[in-house]
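Trainee: Sequence plus the predicted model coming up.
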Amino acid sequence: MTEKIIKVVNRAGIHARPSALLVQTTKNFSSNIFMEKGTDRINAKSIMGIITLGASYGTEIKIIADGDDEETAVEILARLFESKFEEE
């Protein structure tokens, strides 16, 4: 299992477009991928799950992956957050 804590750095937070981009990206991996905010854990391959997290600017999110490509999955998803989902 690979985990990484990241911070939402884009001003608009995780809304529909970043959620769709996250789901589209997670579908490329065979690993089970989850995101946690506080005590809430969601399947990162579910757009509704990501939207219901309500992750706004500055929120810390833990990305968790378990499977054959877990390290790559976590790294790629972290890069999406760091790049502000290419919105800014």
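Mentor: Alright, I've got the coordinates.

Trainee: Could I get the full set of strands for the protein?
Mentor: 2-7, 32-37, 40-43, 60-66 (DSSP state E).

Trainee: what are the pairing partners of the shortest one, and which direction each?
Mentor: So that's strand 40-43. strand 32-37 (antiparallel) (DSSP bridges).

Trainee: show me what contacts Gly58?
Mentor: Going by Cβ atoms under 8 Å, 6 or more residues apart in numbering, Gly58 touches Lys7, Val8. C-beta here means a position set from N, CA and C on the backbone, and glycine is covered the same way.

Trainee: Output the longest helix belonging to the chain as CSV, nothing but the C-alphas.
Mentor: Longest helix of the chain, by residue count under DSSP state H: helix 70-82. What follows is helix 70-82, C-alpha atoms only, in CSV (Å, rounded to 0.1, in the frame of the first residue of the first chain):
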residue,chain,number,x,y,z
GLU,A,70,0.2,1.7,-6.6
GLU,A,71,3.4,3.8,-6.5
THR,A,72,2.9,5.2,-10.0
ALA,A,73,-0.8,5.8,-9.4
VAL,A,74,-0.1,7.9,-6.3
GLU,A,75,2.7,9.9,-7.9
ILE,A,76,0.6,10.7,-11.0
LEU,A,77,-2.4,11.8,-8.9
ALA,A,78,-0.2,13.9,-6.7
ARG,A,79,1.2,15.7,-9.8
LEU,A,80,-2.4,16.5,-10.9
PHE,A,81,-3.0,18.2,-7.5
GLU,A,82,0.4,20.0,-7.7
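
Trainee: now the strands of the chain in TSV, with distance to Val74, mean neighbour count and mean pLDDT?
Mentor: Putting those into TSV (distance: least, Cβ to Cβ, whole Å; neighbours: other Cβ atoms under 10 Å; pLDDT from 0 to 100) gives the following:
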stretch	distance to Val74	mean neighbour count	mean pLDDT
strand 2-7	5	14	97
strand 32-37	8	20	98
strand 40-43	15	14	96
strand 60-66	5	19	98
